[in-house]
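Peer 1: no sequence on this one, just coordinates:
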């Protein structure tokens, strides 16, 4: 059994997908890009600003389900340029302070709307 999770405090899907799906004790959150949920516009200002926005979007979706970053068990980070890894990682570490989740981080050829970073997460309801 699965259920769609949606919040107005994160950007609405820009394609045929859900913000997140709740299934079998897990929350599968779609990749978030640095869109401001209030304006629908890309947040510019470098990889740090974009990473903050992405993580805040993820936080809003997690909070809709009563979850926090401590509930996240796996992340996938997609970077436009691996040269941005250290700066992204510094911001990322602010959100995952203890018991960080498993993670993959890859450089990709292109991301939606030509942003610099996209992150998806899987969280567990029981910690």
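Peer 2: Arrived safely, thanks for sending. Every value quoted in this text rests on a predicted model; they were computed, and no experiment measured them.
Peer 1: and for residue 121, the neighbour number?
Peer 2: For residue 121, the neighbour count with other CB atoms under 10 Å is 27. C-beta: built from backbone N, CA, C; applies to glycine.
Peer 1: ranges for the helices of this structure?
Peer 2: Taking DSSP state H as the criterion, the chain carries its helices at 47-64, 85-95.
Peer 1: so the last one versus helix 47-64, what angle?
Peer 2: Same thing as helix 85-95. Interaxial angle of helix 85-95 relative to helix 47-64 (axes from the mean of the first three to the mean of the last three CA atoms, to 10 degrees): 30 degrees.
Peer 1: what helices or strands is helix 85-95 leaning on?
Peer 2: On a contact count with 3 or more CB pairs under 8 Å, 6 or more residues apart in numbering; DSSP states H and E, helix 85-95 meets helix 47-64, strand 72-79.
Peer 1: now with 6 Å?
Peer 2: When contacts are defined as 3 or more CB pairs under 6 Å, 6 or more residues apart in numbering; DSSP states H and E, helix 85-95 packs onto helix 47-64.
Peer 1: quick one: contacts of the helix it packs on?
Peer 2: Applying CB atoms under 6 Å, 6 or more residues apart in numbering, the external contacts of helix 47-64 come out as 5, 7, 9-10, 19-20, 29, 32, 34, 43, 84, 87-88, 91, 95, 116-117, 119, 121.
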